[in-house]
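Peer 1: Sequence plus predicted model, see below.
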Number of protein chains: 2
Amino acid sequence: MAKAKSALRSCPVAAFQKMISGKYKLRIVWDLKDGPRRYGEIRSGLLRGAAGSAEITPRVLSRELKALTESGLIDRRDFGVVPPKVEYRLTRKGRSFVPVISAIRDWGERHLSEPAALADAAE
Amino acid sequence: MAKAKSALRSCPVAAFQKMISGKYKLRIVWDLKDGPRRYGEIRSGLLRGAAGSAEITPRVLSRELKALTESGLIDRRDFGVVPPKVEYRLTRKGRSFVPVISAIRDWGERHLSEPAALADAAE
DNA sequence: CGGTATCCTAGTAGATACTG
DNA sequence: CAGTATCTACTAGGATACCG
């Protein structure tokens, strides 16, 4: 862990890799850009766009949310009621990260979603 | 794999995640932005910025380079001489991707490299 | 509703040794 | 020089069951 920390300091790209490692982190942040969402809403949201694949298991979602919270990208708000209500929202840091995902999305749509992406590979 | 493919089509962010999965892919592309590099040069380049951590093993580097080639981001050029000389360079697609890494780097430098990153976490 | 606790599996990266 | 072959350790992710 101490080793990983020094890697963080030396290379922002490596740090980014570490931060968004995990299948759903980027998409969670992206989903949260429109406002706070509850646990279950995030879960359903991740179903959209997954093209019929299995839904995320609670264990994994929980871990990713915790990691994002520890990264300081999102914030957890527990309403302390029964039945439970918990909302997640972007922090300032998280909001500052949205444009980066935007750039990723834009590039991905142009170069990854279309069949033309292959033709582009030549040269 | 067919499942992964449909995921690619439905979500560019997921596709991006898949494409750059691997510890070194982003950094390799970034290193290549200044021009073609030989296998060994890439390897040494990955040492810089790794903060004294172990160097990448040939097996891993080889795999990442192959994956990047199959993604169409880089291009392999074998000079067919003895001793071997192989150069890797960005394709057009790869060059179009550089600004995205730039955005990632900029953000990372502002929010991940400094100790202030933690203070930022508080909403 | 919003999680945890266990168990399991597949894939990723590292060590090490060897080759055209 | 630029890789491949083999083997091992670790971890991310999924299945399933249960809890406050």
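Peer 2: Right, received. Where do you want to start?
Peer 1: Run through chain A and note the low-pLDDT ranges.
Peer 2: A:1-10, A:49-53, A:113-123 (pLDDT under 70).
Peer 1: longest helix anywhere in chain A?
Peer 2: Scanning chain A for the longest helix, with DSSP state H as the assignment, gives helix A:92-111.
Peer 1: quick one: contacts for A:Ile42?
Peer 2: By C-beta atoms under 8 Å, 6 or more residues apart in numbering or on different chains, A:Ile42 lies in contact with A:Ile28, A:Asp31, A:Leu32, A:Leu61, A:Leu65, A:Tyr88. For the C-beta atoms, the positions are set from N, CA and C on the backbone; glycine is no exception.
Peer 1: which one of those residues sits closest to B:Val98?
Peer 2: The closest of the contacts of A:Ile42 to B:Val98 turns out to be A:Ile28 (C-beta to C-beta; 26.4 Å).
Peer 1: Could you report the neighbour count for that closest one?
Peer 2: Residues lying near A:Ile28 (other C-beta atoms under 10 Å in any protein chain shown) number 27.
Peer 1: Give me the angle between the regular element (helix or strand) spanning it and helix A:92-111.
Peer 2: Here A:Ile28 sits within helix A:25-32, counting by DSSP states H and E. Per axes from the mean of the first three to the mean of the last three C-alpha atoms, to 10 degrees, the angle that helix A:25-32 makes with helix A:92-111 is 110 degrees.
Peer 1: then helix A:25-32 to PDB, C-alphas only?
Peer 2: Only the C-alpha atoms of helix A:25-32 are listed here, as PDB (Å, rounded to 0.1, in the frame of the first residue of the first chain):
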ATOM      1  CA  LYS A  25     -16.900   3.300 -11.100                       C
ATOM      2  CA  LEU A  26     -16.900   5.500 -14.100                       C
ATOM      3  CA  ARG A  27     -20.500   4.700 -14.900                       C
ATOM      4  CA  ILE A  28     -21.600   5.400 -11.400                       C
ATOM      5  CA  VAL A  29     -20.000   8.800 -11.400                       C
ATOM      6  CA  TRP A  30     -21.500   9.500 -14.800                       C
ATOM      7  CA  ASP A  31     -25.000   8.400 -13.500                       C
ATOM      8  CA  LEU A  32     -24.600  10.700 -10.500                       C
END
